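> structure, please.
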Amino acid sequence: MKKILCVSLVAATLLTSVKSFSQGDKSNRPSPPATATATTAGGNTITINYSQPAVKGRTVGTDIATYGKVWRTGANEATVFEISQDAQIEGKYPLKAGKYGLYSIPGEKKWTVIFNKTWNQWGTVYKEADDALRVELDTKKAPNFTEKMTFQVNKNGMVNLMWGDKAVSFTVK
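I've put the predicted structure just below:
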């Protein structure tokens with residue numbers, strides 16, 4: 001009887017520990033969560049929820065976020081891109097209001113930014129069949145080195161992704 005009670009107590013403690021660890025404070029992760037948001041003059045609220053991987057002495061494009069391969073554009077859970085109204089991306093690509101998983105295919109001169117219909121998932125799960133939109137953008141040299149991947153959203157609808165010495169931008173109107 002004591003043995004069963006002891007085993008039950010150990011099992012309950014382990015389950016509680018695992019649950020509290022998995023539901024714990026995400027700010028303590030090596031790639032902490034961040035949010036970038038703005039509301040445009042036209043009333044469209046743009047929000048990006050993501051985790052910030054760090055360069056840590058590696059090179060973007062070769063060591064991390066490999067050129068030519070689909071990347072989750074962040075760390076941990078899928079990066080979530082949300083717009084409150086239908087919009088044009090880069091002035092020509094229609095995107096319906098809603099939430100999207102944000103993926104990309106980094107390139108030395110061009111990045112393809114992917115808005116995927118499946119957003120509520122772990123970031124490495126990706127199905128091309130669920131893509132709502134792909135947009136090819138110029139890769140630029142960032143004005144300053146950014147250790148942790150960072151998104152900025154401006155009130156004019158400009159979305160900027162900066163990481164390492166790379167910068168990629170697109171407009172939402």
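
> got the contact list for the residue nearest the centre of the chain?
Geometric centre of the chain, nearest residue: Thr79, 2.5 Å, by Cα atoms, centre = their mean. By Cβ atoms under 8 Å, 6 or more residues apart in numbering, the contact set of Thr79 is Ile48, Asn49, Tyr50, Ser51, Arg72, Thr73, Gly101, Leu102, Tyr103, Gly123. Heads up, the C-betas are built off the backbone N, CA and C, glycines and all.

> ditto for Gln88
Contact analysis of Gln88 by Cβ under 8 Å, 6+ apart lists Pro94, Leu95, Val172, Lys173.

> can I get those in JSON lines with neighbour count?
Shown next, in JSON lines, are the contacts of Gln88 (neighbours: other Cβ atoms under 10 Å):
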{"residue": "Pro94", "neighbour count": "10"}
{"residue": "Leu95", "neighbour count": "18"}
{"residue": "Val172", "neighbour count": "23"}
{"residue": "Lys173", "neighbour count": "15"}
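
> just to be sure, which of those are found in strands?
Applying DSSP state E to the contacts of Gln88, the entries found in strands are Pro94, Leu95.

> between the contacts of Gln88, which is closest to Asn144?
The shortest approach to Asn144 among the contacts of Gln88 belongs to Val172, at 23.7 Å (Cβ to Cβ).

> give the buried residues for stretch 91-107.
Leu95, Lys99, Tyr100, Gly101, Leu102, Tyr103, Ser104, Ile105, Pro106, Gly107 (16 or more other Cβ atoms under 10 Å).

> from Gly98, how far off is Leu133?
Leu133 sits 12 Å away from Gly98, going by Cβ to Cβ, to the nearest Å.
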